[in-house]
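J.: Coordinates for the following, if possible.
(chains A and B)
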There are 2 protein chains.
Amino acid sequence: MHDASNSAVSSGPIAITMGDAAGIGPELIAMLYRDQPQALHDVLVVADPAVMLRALHVVGAARVGVLVINHPSQALAVAATGQMPVLAAATLAADESLPAFGQISAVAGRMAAQAVDWAAHAALQHTLSAIVTAPLHKEALHAAGWDYPGHTELLQARAAAHVGVSLAQMPVRMMLANRSLRTVLVSIHIPLRQAIEEVTIENVLQTLRITHAAEQKVLGRAPHIAVAGLNPHAGEGGLMGREEIDIIAPAIALACQEGIQASGPYSPDTVYMRARAKTQSKGEFDVVVSMYHDQGLIPVKYLGVEQGVNVTLGLPLIRTSPDHGTAFDLAGTGRADPSSLQEALWMARQLSKPTLLG
Amino acid sequence: MHDASNSAVSSGPIAITMGDAAGIGPELIAMLYRDQPQALHDVLVVADPAVMLRALHVVGAARVGVLVINHPSQALAVAATGQMPVLAAATLAADESLPAFGQISAVAGRMAAQAVDWAAHAALQHTLSAIVTAPLHKEALHAAGWDYPGHTELLQARAAAHVGVSLAQMPVRMMLANRSLRTVLVSIHIPLRQAIEEVTIENVLQTLRITHAAEQKVLGRAPHIAVAGLNPHAGEGGLMGREEIDIIAPAIALACQEGIQASGPYSPDTVYMRARAKTQSKGEFDVVVSMYHDQGLIPVKYLGVEQGVNVTLGLPLIRTSPDHGTAFDLAGTGRADPSSLQEALWMARQLSKPTLLG
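T.: Presented below is the predicted three-dimensional model:
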């Protein structure tokens, strides 16, 4: 396995990729520049300039203006003026018009992919310190001939090629996080039946290794990782399922032998409550490893979906994203909520500049 | 199926059964009398008087005193004096001593069962308006020769016998509730693999019928029931599992034909967030039907386990309980938290006196 924990930390700016131009991504970015340009001193936008100009117009912030830059190193000077520094890695061809809001288009899919592709390359070269990806649309991506189910797989492919390993040697995991709770998922977008089959010693152990490496960087110490069980009451000694005894506990034991501070398996119905940070106190654990998608996502989203942030762990670059889609029904109205994008930016800073914010 | 929705509402008092005398049940009840006797004007305790005297002593409230009553109708007069009205349906034999705290004993198991048995009978006769059950211990119950896994099965057996139907004709469901969220579970204490098999059209439909009947009584109108999917994103049109298409959606359609206001299946990771009542606003739905134990219990418990209340639906009597066990390690210390018992009492009032509090 590639050891992501040894990758150098870059002091470069953070790039926000615009996402699908027919969705809410560009206008969410525009809202950040409208509402708090001073908080974007270390940020650049990877986008088509015309798309971002339209987005600024949509949110009533045409006055902000777009300044096209050629290299990330120019971002800081532009940001200081309150303008939006746009690295035009994704652009419309002369015969292409701006994608219509709310419609799947190959043009929007291509531009979204180009922006991510450029940012991945720059992050792997340490020209960027982190990438925040605004949402793209799977079908638009597909229409443009980019056959990746989403950001994660595209980034994984670029990173594996950069490091010179196979995809299998660059396993990734999704972390969902807000300011109260962090969870890393053993599996994500598969049927629940299949997710149970994915609960293997190897997959749980790999999740623990990836979680440990990522959080170690943020916290500057070994994280306390709680592992959720799969069954009610974590099986209650085998009465309600044996996966805890046969799979999860052995995986935890192996991880502990490697110096990972993992404990459990804990009863799923209380481990998230125990891990949750309260206003006055930290949670009992730094992060919870979840056995399947909804086990971890239900508690992370419970207090408000706008606060959720998605972090891809295991890559030799830092990537966060808001925990929502392109919302084609809202695109162009200026009514979408930028909170999750804002949180994703906050999280990218925390992960990339641990010495400043950890 | 027995139609629980037609059972008469009783104006009698609410009974709290003491639970296992070696656990925290008796002292939690004693705390209520110590801290807010005025809130117990319509309550009696079904217990052994000596157990309750010891509990009052443990929590520093010996001054409260116990008054033994022979009939629920005497409860109100006693309650008005601030004393604890105890209906001694469960008593120690002359040669039995008080069960030691924290130890499994047949004596404690027997008394716990006798208290519940008496309360079930009285509630079925409409002498009580509701039962709140303090926790009992499965193994103590078993040691006493009462072969029921828990309260629910004992109450179900008594109710079926009272009505004159088989157990299969008296299906019950567990509702978990706090002041922000209510959820009813299709299945409870079985392995997750098996829980997936229990997601059948019949079981989902029965859950919807039971939920509808119970909440209709509380709200005085048909409840808006959200049905969670089983798979991530509720299957995303069959891409991540087919149970939503083949089972859950057809069950919802059948329920709607019966006049039940059910909708879904919704993506599990956001339906609880949508249903959650906030300080300033009601949730989007009155109640969520969950496909398995942890799907519903993770969000209900997330904000603090002490607020969770368990309600048994489908019976011709009202029964609530705190959402915790006997906590043998805390018993006798007076340090257990009575919040959940208090909430269970609040919920029992809301369910039994809907015209007053609904």
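J.: all helices in chain A, in order from the N-terminus.
T.: Using DSSP state H, the helices of chain A run over residues A:25-35, A:49-58, A:75-79, A:106-124, A:138-143, A:151-163, A:192-197, A:201-219, A:243, A:249-257, A:268-275, A:293-302, A:339-352, A:354-357.
J.: Next, format those as TSV and append mean pLDDT and mean neighbour count.
T.: No exception for glycine: its C-beta is placed from N, CA and C like everyone else's. Formatted as TSV, the entries for the helices of chain A read as follows, by pLDDT from 0 to 100; neighbours: other Cβ atoms under 10 Å in any protein chain shown:
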stretch	mean pLDDT	mean neighbour count
helix A:25-35	98	26
helix A:49-58	97	22
helix A:75-79	91	19
helix A:106-124	97	24
helix A:138-143	91	19
helix A:151-163	94	19
helix A:192-197	98	19
helix A:201-219	94	21
helix A:243	98	23
helix A:249-257	98	17
helix A:268-275	95	24
helix A:293-302	95	28
helix A:339-352	91	23
helix A:354-357	48	10
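J.: Let me have the ones you listed in TSV, extended by distance to A:Gly12.
T.: Converted to TSV, those look like this (distance: least, Cβ to Cβ, whole Å):
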stretch	distance to A:Gly12
helix A:25-35	18
helix A:49-58	20
helix A:75-79	8
helix A:106-124	8
helix A:138-143	26
helix A:151-163	16
helix A:192-197	37
helix A:201-219	17
helix A:243	43
helix A:249-257	33
helix A:268-275	33
helix A:293-302	29
helix A:339-352	9
helix A:354-357	14
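J.: Those helices: which one's closest to B:Ser339?
T.: Shortest separation from B:Ser339 across these is recorded for helix A:268-275, at 13.8 Å, computed as Cβ to Cβ.
J.: and that closest one, how far from the chain's centre?
T.: The gap between the average C-alpha position of helix A:268-275 and the chain average comes to 23 Å, counting by Cα atoms, centre = their mean, to the nearest Å.
J.: Can you give me the neighbour number for the closest residue to A:Met175 other than its chain neighbours?
T.: Distances taken as Cβ to Cβ, 6 or more residues apart in numbering or on different chains place A:Val311 nearest to A:Met175, at 4.2 Å, with adjacent residues excluded. Counted with other Cβ atoms under 10 Å in any protein chain shown, the neighbours of A:Val311 add up to 25.
J.: The one 3 residues further on now?
T.: Residue neighbour count, defined by other Cβ under 10 Å, stands at 24 for A:Gly314.
J.: Surely it touches A:Met175?
T.: No. With contact taken as Cβ atoms under 8 Å, A:Gly314 and A:Met175 are classed as non-touching, separated by 9.7 Å.
J.: which residues are common contacts for these two?
T.: Residues touching both A:Gly314 and A:Met175 (Cβ atoms under 8 Å, 6 or more residues apart in numbering or on different chains): A:Ala214.
J.: before we move on, the earlier item: looking at the helices of chain A, which is nearest to B:Pro338?
T.: If you check each of those against B:Pro338 by Cβ to Cβ, helix A:268-275 wins as the nearest, at 18.5 Å.
J.: tell me the angle of that closest one relative to helix B:293-302?
T.: 30 degrees (axes from the mean of the first three to the mean of the last three Cα atoms, to 10 degrees).
J.: touching chain B at all, helix A:268-275?
T.: Yes. Helix A:268-275 lies within reach of chain B by Cβ under 8 Å from any Cβ of the partner chain, at A:Pro268, A:Asp269, A:Thr270, A:Tyr272, A:Met273.
J.: What sits closest to whichever residue of the stretch 51-200 of chain A sits closest to chain B if chain neighbours are left out?
T.: Using Cβ to the nearest Cβ, the point where the stretch 51-200 of chain A gets nearest to chain B is A:Pro191, with a distance of 3.3 Å. In space, not counting the residues next to it along the chain, A:Pro191 is nearest to B:Gly241; the distance is 3.3 Å by Cβ to Cβ, 6+ apart.
J.: correct me, but the one you found touches B:Asn231?
T.: Yes. The pair B:Gly241 / B:Asn231 is scored as a contact, 3.3 Å apart, by Cβ under 8 Å.
J.: Settle it for me: which of the two has more neighbours?
T.: Applying other Cβ under 10 Å to B:Gly241 and B:Asn231 shows that B:Asn231 carries more neighbours, namely 30 against 23.
J.: List the contacts of A:Gln103.
T.: Contacts here follow Cβ under 8 Å, 6+ apart; on that basis A:Gln103 touches A:Ala22, A:Phe328.
J.: Could you do A:Ala234 as well?
T.: The contact partners of A:Ala234, taken as Cβ under 8 Å, 6+ apart, are A:Ala228, A:Glu244, A:Gly264, A:Pro265, A:Tyr266, A:Ser267, A:Pro268.
J.: re earlier: just the pLDDT for the residue nearest to A:Pro191.
T.: You'll see B:Gly241 listed with a pLDDT of 95.
J.: What is the neighbour count of the closest residue to A:Ala177 other than its chain neighbours?
T.: The spatial neighbour of A:Ala177 that comes closest, neighbours along the chain excluded (Cβ to Cβ, 6+ apart), is A:Val309 at 5.2 Å. By other Cβ under 10 Å, 26 other residues sit near A:Val309.
J.: hmm, back to that, quick one: contacts for the residue of the stretch 51-200 of chain A closest to chain B?
T.: Here A:Pro191 is in contact with B:Asn231, B:Pro232, B:Gly235, B:Met240, B:Gly241, B:Arg242 (criterion: Cβ under 8 Å, 6+ apart).
J.: most distant residue from the middle of chain A?
T.: Distance from the C-alpha centroid of chain A peaks at A:Leu239, with 37.3 Å (Cα atoms, centre = their mean).
J.: if we look at the sheet, which residues does A:Val68 bridge to?
T.: Going by DSSP bridges, A:Val68 is paired in beta bridges with A:Val86.
J.: so what sits against both of B:Gly241 and B:Asn231?
T.: Residues touching both B:Gly241 and B:Asn231 (Cβ under 8 Å, 6+ apart) are A:Pro191, A:Leu192.
J.: thinking again about what came up before, which of the contacts of A:Ala234 ranks first by neighbour count?
T.: Among the contacts of A:Ala234, where neighbours are counted by other Cβ under 10 Å, the top count belongs to A:Pro268, at 30 neighbours.
J.: Check the gap between it and B:Gly241 for me.
T.: Using Cβ to Cβ, to the nearest Å, we find A:Pro268 at a distance of 19 Å from B:Gly241.
J.: Chain A against chain B: which residues are in contact?
T.: Proximity of chain A to chain B is assessed by Cβ under 8 Å from any Cβ, with A:188-194, A:196, A:230-233, A:235-236, A:240-242, A:268-270, A:272-273, A:276, A:292-295, A:297-299, A:301-305 identified as the residues in range.
J.: picking up where we left off before, looking at the contacts of A:Ala234, which is nearest B:Thr211?
T.: Nearest to B:Thr211 among these: A:Pro268, at 22.8 Å, using Cβ to Cβ.
J.: Could you verify my assumption that that closest one touches A:Ala228?
T.: Yes. With contact defined as Cβ under 8 Å, A:Pro268 reaches A:Ala228; the gap is 4.6 Å.
J.: Overlap of the contact sets of the two?
T.: Listed as contacting both A:Pro268 and A:Ala228 by Cβ under 8 Å, 6+ apart are A:Ala234, A:Met291, A:Gln295.
J.: Once you drop chain neighbours, what's closest to A:Ala80?
T.: Ranked by Cβ to Cβ, 6+ apart and with sequence neighbours excluded, the top spatial neighbour of A:Ala80 is A:His41, at 6.8 Å.
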